[in-house]
Structure formats: C-alpha cells, structure tokens
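Chemist: return atomic coordinates for the entry below.
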Amino acid sequence: MAVESPPWAQTHSNYGAAQTRRAVFFPLSAAGGVKGPGDLLVTANGTPNMSVNVATGEIIIPGSNADQGSYYGLASTITNLVISASNPTNPRIDTIAATVQDIDYSGASDEWVLQVVTGTPTAGATLSNLDGVATLPSNSLLVAYVLVPAAASSITSGDIADERVHSSLTGITTWNVTTQTTTYTALPGDSVLANATSAAFTATLPTPALGARVKVAKTDSSANVVTVRTPSGTILGLGLGAGSTSISLGAEGAFVELHADGTNWHIVGGAQDTGWLNITNFVNSWTNASGYTTQERLIGNLYVLHGQITGGATNTDAFTVSYPPAVERRFASVDAGGVICPINVQTNGAVVPQWTATSTVQVDCISYTFD
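Modeler: Below is the predicted model of the structure:
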C-alpha cells in the first residue's frame with residue numbers, strides 16, 4: 001500500500017499545504033461548518049432590497065477531493081451579496097455558498113469567497129422543494145437558500161432558509177445548546193431547550209440534509225405544548241406509522257433526538273410525548289366520577305388512560321380516544337363495588353364498558369401500543 005512520506009511534523013522534513021491542511025483539520029468533521037451560532041448568518045438587508053447580508057464569523061470549508069483537506073476562513077466584516085433581478089413569471093431559488101478557490105484544484109486564484117449561486121426560475125419553486133436550485137460549486141459549503149419570488153423587488157427574512165452546520169470534532173458528539181421561549185427554526189447541531197411557560201410554540205427543524213442532527217427538549221412544567229415540525233419530508237419513529245410532519249412534546253422532560261437521512265428525520269432518542277390531556281368528549285351520560293379527571297397520554301407508540309367514569313349505561317359508548325387501536329382491545333376493569341367490568345376500546349376509538357353494577361368504572365387499566 002502506498003503511503004505519504006514524510007509524515008507531517010517529522011523533524012528535518014518539508015510539507016505541502018494539502019498535507020498540512022489534512023493534519024491540522026483531521027480532528028474536525030469532514031462536513032466542515034461554522035464555529036459559533038451567529039457565524040455567517042444570512043439575513044435580509046436592513047432596508048429590504050435585492051441583496052442579503054452575511055454576518056462575520058469563522059468557517060471550515062471541506063475540499064471536494066479526497067486528498068485536499070479542509071480550509072479555514074474568517075469573515076471579519078459583514079458581507080453584502082447582491083441577488084440578481086427576479087424573473088417576472090416564476091420564482092427562483094438561489095444559493096449562498098462559502099467557496100474556496102485553490103489553483104491546485106479549481107479556480108484561477110487562491111482565496112475564499114462568499115457568493116450567490118443563481119438558480120433557474122421554476123414554476124412552483126419553494127424553500128421546501130428547492131426546484132431549480134443550482135448545483136453547489138466544488139470546494140464549497142452551503143450557507144443558506146434564498147427564495148426570489150416572481151417579480152420581487154426585495155428579499156425579506158421569510159425568503160431566507162438558514163442551512164449552516166456547526167463544525168464538530170470527529171468521534172465526539174458536540175451540540176450547540178440554545179434556550180428558546182418562542183417560535184424557533186433550529187440549525188443542524190442545535191440542542192434546543194424549549195421553555196413554553198409563557199405560551200405554546202413551534203420548533204421547526206432544518207431541511208433534513210444527510211447527517212444533520214437536532215435535539216429538542218421541553219424544560220418547563222406548564223401544559224403548553226412544544227410542537228416539533230419538519231419543513232420537508234417526514235418525522236419517523238415509534239407511533240408515527242409512515243411518518244408525520246410534526247410531533248408534540250407536552251410533558252416536562254420530554255425530548256427527541258433526530259437524525260436526517262437526506263429526505264426524512266428519524267427519532268433516534270426520546271419519543272413524542274403529548275403529556276396528560278383531559279378527555280372531554282363524553283357521550284351517553286358518561287362523565288368523570290367525583291374527584292377524578294379522565295386523561296389520556298401518548299408516549300412514543302404507548303397509549304395510556306387514567307381516571308374513573310360514571311353515569312352511563314352498560315354497553316354504551318363512554319368517550320372516544322384520540323389514538324384508536326388497529327384492532328379492538330379488551331380490558332378487565334373494576335367498578336366502584338369491586339366487581340370485574342370488561343371494557344373495550346374499539347377501532348373507531350370508542351371506549352365501551354361492557355357491564356357494571358354501579359355505573360362507576362376505572363379506566364386506569366387501559367394501555368396499549370400500536371404500529
């Protein structure tokens with residue numbers, strides 16, 4: 001097997017730039033990325049026009065060739081990038097890229113630039129489908145996508161999709177921990193501590209690019225739900241069947257860790273957790289027994305009920321669960337007199353006490369998994 005000699009940093013030897021880059025940046029992930037959460041963030045111009053601003057910051061840009069290594073770049077001032085005129089008929093997706101030009105591999109000079117790669121105007125193009133987006137140049141790292149609406153005269157914040165990733169050490173999982181209390185769009189590598197004390201809100205995942213990962217955890221004890229949604233593809237995991245575009249975190253400590261496969265997000269840690277939700281859709285004179293509140297909860301693919309109901313007649317629907325089983329499920333409960341009471345959960349979600357001597361029935365016995 002051929003080897004590269006001399007090895008880097010050997011005494012009395014000389015080393016080329018590519019070998020030095022490979023050695024210095026070897027501990028960093030091959031994907032590269034920005035250093036801090038605000039580095040190279042793309043925003044609309046203060047007075048919206050056909051340009052965007054790229055913040056200061058540091059970045060590692062991987063080369064496209066196997067032996068090329070990665071490059072370090074510093075932007076010490078804000079960079080204003082001009083967006084080409086919009087198409088009068090169709091929208092367009094432009095790309096903001098950090099690109100290295102190295103005459104040993106590509107380009108006519110030795111430098112790194114922040115640039116706009118103009119897409120092709122395409123009917124129906126959005127930041128979700130990226131129709132008409134241009135191919136990322138060699139030796140580049142994606143920073144953001146910009147939607148240029150048809151006949152637009154300015155770019156606003158809603159037209160920009162942040163696509164930065166954070167650089168990390170190979171073999172060591174590092175996270176950018178961020179606390180959020182209102183609507184937030186996560187970056188790859190974010191660990192979002194979601195505090196919904198003031199109000200429920202949505203944490204939107206980044207585009208599910210291959211290798212991207214995000215954590216979201218609900219940190220407060222309120223009943224306000226944190227919704228985790230994906231802008232494209234689906235979220236896959238226990239209890240989600242063929243996938244869902246959003247999941248709920250409704251209990252303190254509930255969390256999910258998600259990894260992307262290039263199309264969809266996969267829950268690899270934690271689970272969706274609705275928290276305890278009150279049952280209110282009672283029918284046929286059934287209601288909560290005195291001192292009880294009947295509630296339901298979904299954790300992953302485990303559905304659980306608790307509470308006690310009263311007032312209805314044997315073999316009549318009492319209420320409907322939010323997550324029906326695929327096949328009818330039968331449970332043995334007890335009524336207030338200690339008598340065994342069969343209780344069924346039907347595939348339409350109806351909960352039906354089959355027999356009771358006192359018309360007061362516990363539902364704590366009901367739990368099941370699905371999909």
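Chemist: show me the strands in the stretch 251-371 of the chain, by range?
Modeler: 255-260, 265-270, 277-278, 287-288, 295-299, 302-306, 308-310, 319-320, 329-334, 340-345, 350-353, 360-362, 367-369 (DSSP state E, counting those that start in this stretch).
Chemist: now the fourth one, how far from the centre of its chain.
Modeler: Yep, that's strand 287-288 we're talking about. On the basis of Cα atoms, centre = their mean, to the nearest Å, strand 287-288 sits 38 Å off its chain's mean C-alpha point.
Chemist: now do the last one
Modeler: What separates the centre of strand 367-369 from the centre of its chain is 27 Å, taken as Cα atoms, centre = their mean.
Chemist: in its sheet, what does that strand sit against?
Modeler: strand 302-306 (antiparallel) (DSSP bridges).
Chemist: can you check the third one too?
Modeler: For strand 277-278, the paired strands and their directions (DSSP bridges) read strand 295-299 (antiparallel).
Chemist: identify the residues contacting the partner strand?
Modeler: 239, 251, 271-279, 303-307, 321-323 (Cβ atoms under 8 Å, 6 or more residues apart in numbering). Backbone N, C-alpha and C define where each C-beta goes, glycine included.
Chemist: ditto for stretch 53-61
Modeler: Taking Cβ under 8 Å, 6+ apart as the rule, stretch 53-61 contacts 25, 28, 32-36, 38-46, 70-81, 96, 98-100, 112, 114, 139-141, 143, 167.
Chemist: ends of that stretch, how far apart?
Modeler: Start-to-end span of stretch 53-61 (Cα to Cα, to the nearest Å) is 19 Å.
Chemist: buried residues, it. List them.
Modeler: 54-55, 57-61 (16 or more other Cβ atoms under 10 Å).
Chemist: got the contact list for the residue nearest the centre of the chain?
Modeler: Note on the chain: the residue nearest the mean C-alpha position is residue 205, at 2.6 Å, using Cα atoms, centre = their mean. Residue 205 makes contacts with 186, 214, 228-231, 235, 258, 265, as judged by Cβ under 8 Å, 6+ apart.
Chemist: if we use 7 Å, what do you get?
Modeler: 186, 214, 228-231, 258, 265 (Cβ atoms under 7 Å, 6 or more residues apart in numbering).
Chemist: what would those residues look like in CSV with pLDDT?
Modeler: Converted to CSV, these look like this (pLDDT from 0 to 100):
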residue, pLDDT
186, 91
214, 94
228, 97
229, 96
230, 95
231, 91
258, 95
265, 96
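Chemist: which of these ranks first by neighbour count?
Modeler: residue 265 (29 neighbours; other Cβ atoms under 10 Å).
Chemist: kindly state the beta-bridge partners for that residue.
Modeler: With DSSP bridges as the rule, residue 265 is bridged to residue 235, residue 260.
Chemist: and it, what does it touch?
Modeler: By Cβ under 7 Å, 6+ apart, the residues touching residue 265 are 205, 208, 230, 233, 235-236, 258.
Chemist: give me the domain ranges for the chain.
Modeler: Domain assignment of the chain by automatic domain parsing yields the ranges 17-162, 176-270, 277-369.
Chemist: isn't residue 245 up against residue 229?
Modeler: Yes - between residue 245 and residue 229 there is a contact under Cβ atoms under 7 Å: 5.9 Å.
Chemist: which positions in stretch 297-306 come out as buried?
Modeler: Buried residues in stretch 297-306 (16+ other Cβ under 10 Å): 297-303, 305-306.
Chemist: check the offset of stretch 77-84 from the chain's centre.
Modeler: Worked out by Cα atoms, centre = their mean, stretch 77-84 lies 28 Å from the chain centre.
Chemist: hmm, who's touching that stretch?
Modeler: 50-56, 94, 96, 114, 116, 118, 146, 148, 155.
Chemist: mind doing that once more with 8 Å?
Modeler: 45, 50-56, 94, 96, 114-116, 118, 146, 148, 155.
Chemist: so which of the residues you listed are in strands?
Modeler: 51-54, 94, 96, 114-116, 146, 148 (DSSP state E).
Chemist: what subset of those residues is buried?
Modeler: Using 16+ other Cβ under 10 Å, the buried ones in these are 52, 54, 94, 96, 114-116, 146, 148.
Chemist: in those residues, find the pair that's most separated.
Modeler: The largest separation in those, counting by Cβ to Cβ, is between 114 and 148 at 17.5 Å.
Chemist: can you redo the buried ones among the ones in strands among the contacts of stretch 77-84 as a markdown table with distance to residue 20?
Modeler: Supplementary listing: these in a markdown table, determined by distance: Cβ to Cβ, whole Å:
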| residue | distance to residue 20 |
| --- | --- |
| 52 | 34 |
| 54 | 27 |
| 94 | 34 |
| 96 | 28 |
| 114 | 24 |
| 115 | 26 |
| 116 | 31 |
| 146 | 35 |
| 148 | 40 |
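Chemist: and these, which is closest to residue 341?
Modeler: Nearest to residue 341 among those, counting by Cβ to Cβ, is residue 146 at 62.2 Å.
Chemist: which residue packs closest to that closest one, ignoring adjacent ones?
Modeler: Distances taken as Cβ to Cβ, 6 or more residues apart in numbering place residue 94 nearest to residue 146, at 4.5 Å, with adjacent residues excluded.
Chemist: would you confirm that the one you found contacts residue 117?
Modeler: Yes - between residue 94 and residue 117 there is a contact at 6.6 Å, judged by Cβ atoms under 8 Å.
Chemist: in space, what's closest to residue 366 - neighbours in sequence excluded?
Modeler: Nearest one to residue 366, counting by Cβ to Cβ, 6+ apart, is residue 305 at 4.2 Å.
Chemist: and residue 358, what pLDDT?
Modeler: On pLDDT, residue 358 comes in at 69.
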